[in-house]
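> Got a predicted model here, sequence first, then my questions.
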Amino acid sequence: MKNLKMKTLTYSKNIFLPVTDLCRNHCGYCSFRKEPKDAHLISRSRALLLLEQGAQAGCSEALFTMGESPWSVLGFDSILAVAGVADLLDYLVELCELALELGLLPHTNAGLLVQEDLQRLQPYNASMGLMLETTALLEVHAKSPGKRPDLRLQYMAMAGRLKIPFTTGILVGIGESRRDRVEALTKIANLHRAFGHIQEVIIQPLDPKPGTALEKAPLPGMMDLCWTVEAAREIVPPDVAIQVPPNLVDPRPLVAAGATDLGGISSVTLDGINPDRAWPDEEDLHRSLSDYNLRERLPVYPRFIDLGWHGRKTRSLVNSLAGEDGLRVKKYIF
Ligand code: SF4
């Protein structure tokens, strides 16, 4: 029995579905994006297999991710044609419906979208997301038109006006200064004060990848990450979770610094952005954080379930997966 005074930490159990790795941007740290000749669209059969495996493993979240505006890249039409798909957004909706049928709640990060496309996805998603990453104009984003901070802030405001529970965050170690981090966190906080839709802010350390411009960049140190988590906790309103990824960094010092969420972990799929960084085992996580009340949550936070902001087609599944406190119904005996 957990002491009720223990600090509560949350995480979700997900599967990662890379819808397409075609992307119009060329971020200087990315190993996810592929050139058109190597790019792919996830097949229905592959998506079905992952969703079935996720359901069997007790996951509640289907994390759909894709490169940004792939339709603006030469070669996109032939990738769609080979896969027998007429329209990418229709296909994404179809995959979200499949996830819901199999008992997983979609959370989609599709990069910048126009409002019409965001509204097409909204009913099928428990929550959605887009990393702000930074508000600084950095060399690593020189060839990434979609990483313009003003565009990303506008998109996040649009999601707020539509009342979409939203996940965002910053990247640490891509050439930004501490002052830049404070500015990005302040902009996120201001968006939340205006619209009330931010559910979590990820503090994501750079994990340098071979073959990228930042391959030799130093890993952000723990002291720097703790400073950033403390700053985030101070700047961002208290009803917004501060999330750290437990496959990239030891979460314990960061939890002590103010982090309250560990994001999605998976026993089925790898971290699609950092496939060389294995997820911690769920049971091990409970053991190493036994000083805390570690609870599984859904991809939508309890407050937004109360508000009814999750997509209308996710309602019956959310209701069957959430307990009275809005977290996932489950008893742990670890
Ligand atoms: S937008 Fe995302 S997928 Fe595209 S290059 Fe940048 S990090 Fe990679």
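Looks like it arrived, so ask away.
> Please spell out which residues along the helix or strand of the chain with the lowest mean pLDDT are buried.
Least confident element among the helices and strands of the chain, by mean pLDDT, DSSP states H and E: helix 76-83 (a mean of 93). Across helix 76-83, burial judged by 16 or more other CB atoms under 10 Å covers F76, I79, L80, A83. Heads up, the C-betas are built off the backbone N, CA and C, glycines and all.
> Out of those, which is nearest to L191?
F76 (30.7 Å; CB to CB).
> and the residue nearest to that closest one when sequence neighbours are not counted, what is it in contact with?
Once flanking residues are discounted, F76 sits nearest to P70: 5.2 Å by CB to CB, 6 or more residues apart in numbering. Applying CB atoms under 8 Å, 6 or more residues apart in numbering, we find P70 in contact with T20, L22, C23, R24, A39, F76, I79, L88.
> Please apply the same query to V244.
By CB under 8 Å, 6+ apart, V244 lies in contact with I202, I203, L225, V229, P251, L254, V255, A259, D261, L262, G263.
> how close does it get to E61?
V244 sits at a distance of 17 Å from E61 (criterion: CB to CB, to the nearest Å).
> can you check E116 too?
From E116 to E61 the distance is 25 Å (CB to CB).
> which other residues reach the strand or helix carrying V93?
Using DSSP states H and E, V93 sits within helix 88-101. With contact meaning CB under 8 Å, 6+ apart, helix 88-101 is reached by 17, 19-20, 41-42, 44, 47-48, 51, 62, 64, 66, 70-71, 80, 85, 105-106, 108, 110, 117, 120-121, 124-125, 313-314, 317.
> What ranges in the stretch 1-150 of the chain fall below the confidence cut-off?
Within the stretch 1-150 of the chain, the stretches with pLDDT under 70 are 1-4.
> Those residues of it touching the ligand, which are they?
By CB under 6 Å from any ligand atom, the residues of the stretch 1-150 of the chain that approach the ligand are C23, N25, H26, C27, C30, F32, R33, G67, E68, S144, G146.
> How many neighbouring residues does A39 have?
Neighbour count for A39, taken as other CB atoms under 10 Å: 18.
> quick revisit: which one of the buried residues of helix 76-83 sits closest to the ligand?
Relative to the ligand, the closest of the buried residues of helix 76-83 is F76; by CB to the nearest ligand atom it sits at 13.6 Å.
> Just to check, L80 is in contact with H40?
No. If you go by CB atoms under 8 Å, L80 and H40 don't touch, sitting 11.2 Å apart.
> could you redo the residues of the stretch 1-150 of the chain next to the ligand as a markdown table and give each row secondary structure and distance to I174?
Converted to a markdown table, these look like this (DSSP: H, G, I helix; E, B strand; the rest coil; distance: CB to CB, whole Å):
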| residue | secondary structure | distance to I174 |
| --- | --- | --- |
| C23 | coil | 17 |
| N25 | coil | 13 |
| H26 | coil | 14 |
| C27 | coil | 8 |
| C30 | coil | 11 |
| F32 | coil | 15 |
| R33 | coil | 15 |
| G67 | coil | 18 |
| E68 | coil | 17 |
| S144 | coil | 11 |
| G146 | helix | 15 |
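> residues in contact with the residue in the stretch 201-334 of the chain that the ligand sits nearest to?
Nearest residue of the stretch 201-334 of the chain to the ligand: I273, at 7.5 Å (CB to the nearest ligand atom). By CB under 8 Å, 6+ apart, the contact set of I273 is F32, T65.
> so which helix or strand takes in it?
Following DSSP H and E, there is no helix or strand that holds I273.
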